[in-house]
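Novice: Quick one, fold the following:
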Amino acid sequence: MQAEQKYQIMPPLSTEEYEALKADIALRGVQVPVEYDEDGNILDGYHRVQVCKELGIKDWPRVVRSGLDEEGKIEHALSLNALRRHLTREQRRDVVARLRQQGWSLRRIAGRLGISHMQASRDAEGVTNVTPATVTGSDGKEYPAARAEAPEAARPAPSQVSNAGAPRHDEQPAPTKDWVADVQAPAEHQDSPLPAAAPSVPGGNMAVHYSSERMDWATPWGFFNRLDAEFGFDLDVCALPTSAKCKHFFTPEDDGLAQPWEGVCWMNPPYGNQIGDWMRKAYEESRRGATVVCLVPSRTDTNWWHEWAMKADEIRLVRGRLTFEGAETSAPFPSAVVVLRPGTDGPPRLSGVRADG
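Specialist: Below is the predicted model:
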């Protein structure tokens, strides 16, 4: 490793991020000083230095941090970057592996990266040669290293789909509903078995099917899969066995509102009067370290939206209408993806996402 990259624990910027930084420095210069140790190693600002060299800038703001040992330099470099970078799942796993090789405990890694202990443990799963004999905790003491396994929780275990024979996300059959399955389902679901034809509705009252107040709007697999590729969900906090989107999930019998949530959570809550309770729970769990991604109606005139959605890190407004699993037509209401991350308390960043990808 080059000397100037010695403390570059975080992954490189993407091409898009790097070019945006380059354009900003070309316009305004370096706004945040580059930090060095006494030996000239960069603690923070490697990309800024690279941009300056490419632009022919020979002088930029500098700060020298003295008196830090090797452990302190890594801690300092990470603390400056952890909360200003949104890492993909693979990038986060890479950081966890590097810190594990440095002798960090999983709990210490979780605290520094702003994720749960369970998430740090799962990020370390399947990565070879990352478990040292001893680790250093946040208190500076050494302890025997624990294996990268999710801890047993002192609570009812979430329901699980068996690994053997469990359908993949792109093979999951549509749940049986009380209406005919969507005939325009994405191509990857065309082979899904159709449920029985809908029974007649007394009085012909179909209003509940055209309202966001209905309780069981099952997330379209295509829409979910795109988000799962980005976030890597661990837990579906509000699901039925027939429509769960994750291996681990809470059913109504589990009562997700009464359970602690950990890791990266998916939430498509009941859209009736309880939705405010679910959004409050999502916010509270994000304050405890979980990342919660919520699919909800875009109802900006409601109290729950202003009390909880507006405290999110970001809101992605869905362009077009989603066709939920088992529905004959697209939803009669707009949707939004609300992302609640640890350490954020609004106002959210706004962006858009297409219903059809």
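Novice: nearest spatial neighbour of residue 52, skipping sequence neighbours?
Specialist: residue 60 (5.2 Å; CB to CB, 6 or more residues apart in numbering). Glycine gets a C-beta too; all of them are placed from N, C-alpha and C.
Novice: Show the contacting residues for that neighbour.
Specialist: Counting by CB atoms under 8 Å, 6 or more residues apart in numbering, residue 60 touches 29, 30, 33, 34, 48, 49, 52.
Novice: which helices and strands does the helix or strand where residue 97 lies pack with?
Specialist: Using DSSP states H and E, residue 97 falls within helix 89-101. On a contact count with 3 or more CB pairs under 8 Å, 6 or more residues apart in numbering; DSSP states H and E, helix 89-101 meets helix 106-113, helix 117-124.
Novice: Need the CA coordinates for the first one. CSV is fine.
Specialist: Once side chains and other backbone atoms are set aside, the C-alpha atoms of helix 106-113 remain, and they are given as CSV (Å, rounded to 0.1, in the frame of the first residue of the first chain):
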residue,chain,number,x,y,z
LEU,A,106,-17.7,-6.4,15.7
ARG,A,107,-19.3,-4.3,18.3
ARG,A,108,-16.7,-1.6,17.8
ILE,A,109,-17.1,-1.7,14.1
ALA,A,110,-20.9,-1.4,14.4
GLY,A,111,-20.6,1.6,16.6
ARG,A,112,-18.2,3.4,14.3
LEU,A,113,-20.2,2.7,11.1
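Novice: ok so, going back, please indicate which of the contacts of residue 60 are buried?
Specialist: 30, 34, 48, 49, 52 (16 or more other CB atoms under 10 Å).
Novice: pretty sure the fourth one is in a helix, no?
Specialist: Yes - with DSSP: H, G, I helix; E, B strand; the rest coil as the criterion, residue 49 is part of a helix.
Novice: With residue 113 as the reference, measure out to the residue nearest to it when sequence neighbours are not counted.
Specialist: Among residues not flanking residue 49 along the chain, residue 34 sits closest, at 5.8 Å (CB to CB, 6+ apart). Residue 34 is 23 Å from residue 113, where distance means CB to CB, to the nearest Å.
Novice: go on, residue 290?
Specialist: Plainly put, residue 290 is 13 Å away from residue 113 if you go by CB to CB.
Novice: Who has more neighbours out of these two?
Specialist: Remark: of residue 290 and residue 113, residue 290 carries more neighbours, 25 against 21, as counted by other CB atoms under 10 Å.
Novice: How much space separates that one from residue 116?
Specialist: Distance, residue 290 to residue 116, by CB to CB: 6 Å.
Novice: same question, residue 317
Specialist: Residue 317 sits 28 Å away from residue 116, going by CB to CB.
Novice: Also residue 273?
Specialist: Distance of residue 273 to residue 116, given as CB to CB: 30 Å.
Novice: more crowded one of the two?
Specialist: For residue 273 versus residue 116, neighbours defined as other CB under 10 Å are more numerous around residue 116 (26 against 10).
Novice: Model confidence score at that one, please.
Specialist: We have a pLDDT of 72 for residue 116.
Novice: does it really touch residue 107, like I thought?
Specialist: No - look at residue 116 against residue 107 with CB atoms under 8 Å: they stay out of range, at 9.9 Å.
Novice: Out of the buried ones among the contacts of residue 60, which comes closest to residue 354?
Specialist: residue 48 (34.3 Å; CB to CB).
Novice: how near is the closest one to residue 319?
Specialist: According to CB to CB, residue 48 and residue 319 sit 35 Å apart.
Novice: rewinding a little: among the contacts of residue 60, name the ones in strands.
Specialist: Applying DSSP state E to the contacts of residue 60, the entries found in strands are residue 34.
Novice: now the contacts of residue 60 as TSV including pLDDT?
Specialist: Converted to TSV, these look like this (pLDDT from 0 to 100):
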residue	pLDDT
29	91
30	90
33	88
34	89
48	91
49	92
52	94
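Novice: Appreciated, that's everything.
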